[in-house]
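J.: after the sequence you'll find the predicted model.
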Amino acid sequence: MTVVSLGVPSVHRPVGPAPADGPLVDTFGRVATDLRVSLTDLCNLRCTYCMPAEGLDWMPSDQKLHAGELMRLLRLAVTRLGITSVRFTGGEPLVVPHLEELVAATAALRPRPEITLTTNGVGLARRAATLREAGLDRINVSLDTVDAARFAAITRRDRLDDVLAGLRAAKDAGLHPVKVNAVLDPVSGRADAVELLRFCLEHGYQLRIIEQMPLDAGHSWQRDRVLDAAEILTALRRHFTLQPDPQPRGSAPAQLWQVVEGTRVLGRVGIIASVSQAFCASCDRSRLTADGQVRNCLFARDETDLRALLRSGADDAALEAAWRQAMWSKAAGHGINDPDFVQPTRPMSAIGG
Ligand code: SAM
Ligand code: SF4
């Protein structure tokens with residue numbers, strides 16, 4: 001794989017036609033095998049770093065892909081584009097009533113992709129077992145603090161107990177390892193991280209802390225308010241002994257640390273330094289929004305409208321070519337740290353994290 005220098009400007013440059021077959025590749029030689037599928041922009045929480053308190057102008061339902069349209073694109077992704085892993089996300093994917101059917105239909109594709117879910121965990125207690133039965137392989141549950149008052153302040157909803165019940169249900173359903181995703185509050189985040197790690201070690205969940213990115217709907221993100229990976233590590237090291245995990249990282253975004261006590265490994269914690277140590281050079285992702293747009297990056301400024309193609313009667317070859325061209329033009333890096341960085345218009349909840 002070509003290694004590109006980090007932080008290179010994400011300027012648009014002319015690209016020729018994408019290869020007509022083979023893996024889903026870009027001009028830097030990166031291959032996309034991991035597809036993030038946003039099922040809806042709706043959500044039952046209002047996390048401050050993601051959505052405004054009053055919600056957003058939701059996508060009209062006729063603009064969202066129907067289940068049949070989505071499954072056609074997923075079949076194409078798996079059979080023609082080399083996608084091996086599908087992650088359902090949103091918005092909140094658990095607000096989609098037919099999520100189990102989508103998981104089952106995805107599990108029936110050949111070659112069968114790995115199927116994962118990113119959820120806020122509200123309502124998961126009722127559905128973890130049925131999702132597992134439908135074919136879900138793994139789950140990431142977002143939880144930024146185990147303190148009820150801080151949870152309510154961050155998510156603007158008093159639902160901590162639901163999320164904790166959802167985590168237990170996921171573990172009982174055998175969705176192993178259950179991962180907990182945390183975005184830290186700039187003020188309480190150090191204390192939250194320590195308590196979260198204690199909680200995750202106690203219950204056998206794997207904590208992954210994500211640096212906050214400029215994807216909030218209010219565009220109020222400030223670089224100097226982000227708790228970065230170095231600060232998070234310092235805070236954790238006051239309470240835990242951490243050593244680098246010996247497993248090779250590959251294209252995984254999280255840098256993994258073992259939490260040790262003497263010679264015993266108590267568990268692992270991952271830190272995703274999307275802002276301070278971008279990992280764009282090894283990115284293997286493609287994204288599909290709930291309204292059928294392919295995005296080649298979370299921070300892409302351009303999208304490719306597969307829904308319009310689908311609805312105009314395009315055949316699989318035309319859809320495949322459009323998807324390949326969308327990925328071919330992927331920029332070298334997200335450019336967050338460039339002086340001319342411009343935040344994408346779509347917020348995280350409408351892209352799919
Ligand atoms: N609602 C689900 C959830 O929260 O897990 C799925 C969608 S959410 C957009 C996916 C992930 O993106 C969550 O782990 C969330 O914490 C993360 N996220 C949202 N806004 C973010 C931001 N501005 N920076 C970093 N991560 C963010
Ligand atoms: Fe909803 Fe997830 Fe955004 Fe929170 S991060 S508001 S749970 S979409």
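T.: Yep, it's here. Numbering: from 1, shown residues only. Ligands and ions are numbered 1, 2, ... in the order given.

J.: residue 231: which element?
T.: Per DSSP states H and E, residue 231 falls inside helix 229-237.

J.: swap in residue 195?
T.: Secondary structure assignment for residue 195, by DSSP H and E: helix 189-203.

J.: which other helices and strands contact that helix?
T.: Other helices and strands packing on helix 189-203, by 3 or more Cβ pairs under 8 Å, 6 or more residues apart in numbering; DSSP states H and E, are helix 160-172, strand 179-183, strand 206-210, helix 229-237, strand 264-272. Every residue, glycine included, has its C-beta placed from N, CA and C.

J.: I'd like the average pLDDT over the second one.
T.: This predicted structure assigns strand 179-183 an average pLDDT of 98.

J.: returning to what we had before: so which of the helices and strands packed on helix 189-203 comes closest to ligand 2?
T.: Minimum separation from ligand 2 across these (Cβ to the nearest ligand atom) falls at strand 179-183, 7.5 Å.

J.: now the closest one, how far from the centre of its chain.
T.: Strand 179-183 sits 11 Å away from the centroid of its parent chain (Cα atoms, centre = their mean, to the nearest Å).

J.: what about that strand and ligand 1, touching?
T.: Yes: using Cβ under 6 Å from any ligand atom, strand 179-183 comes into contact with ligand 1 via 181, 183.

J.: how big is the angle separating that strand from strand 206-210?
T.: Strand 179-183 and strand 206-210 meet at an angle of 30 degrees, taking axes from the mean of the first three to the mean of the last three Cα atoms, to 10 degrees as the criterion.

J.: and the contacts of strand 179-183?
T.: Strand 179-183 is contacted from outside by 47, 49, 118, 138-145, 167, 192-193, 196, 200, 205-212, using Cβ atoms under 8 Å, 6 or more residues apart in numbering.

J.: what comes up buried for that strand?
T.: For strand 179-183, a neighbour-count test (16 or more other Cβ atoms under 10 Å) marks 179-183 as buried.

J.: is any part of that strand close to ligand 2?
T.: No: using Cβ under 6 Å from any ligand atom, strand 179-183 stays clear of ligand 2, coming no nearer than 7.5 Å.

J.: just to revisit the earlier point, so which of the buried residues of strand 179-183 is the closest to residue 287?
T.: Distance to residue 287 across these (Cβ to Cβ) is lowest for residue 181, with 16.8 Å.

J.: list the helices and strands the strand or helix carrying residue 126 packs on?
T.: Remark: residue 126 resides in helix 124-134, with elements defined by DSSP H and E. The helices and strands touching helix 124-134, judged by 3+ Cβ pairs under 8 Å, 6+ apart, are helix 99-107, strand 138-142, helix 160-172.

J.: switch the cut-off to 7 Å
T.: If contacts are counted by 3 or more Cβ pairs under 7 Å, 6 or more residues apart in numbering; DSSP states H and E, helix 124-134 sits against helix 99-107, helix 160-172.

J.: now the shortest one: average pLDDT?
T.: Per-residue pLDDT values across helix 99-107 average out to 98.

J.: what residues of that helix count as buried?
T.: Buried, per 16+ other Cβ under 10 Å, within helix 99-107: 99-100, 102-107.
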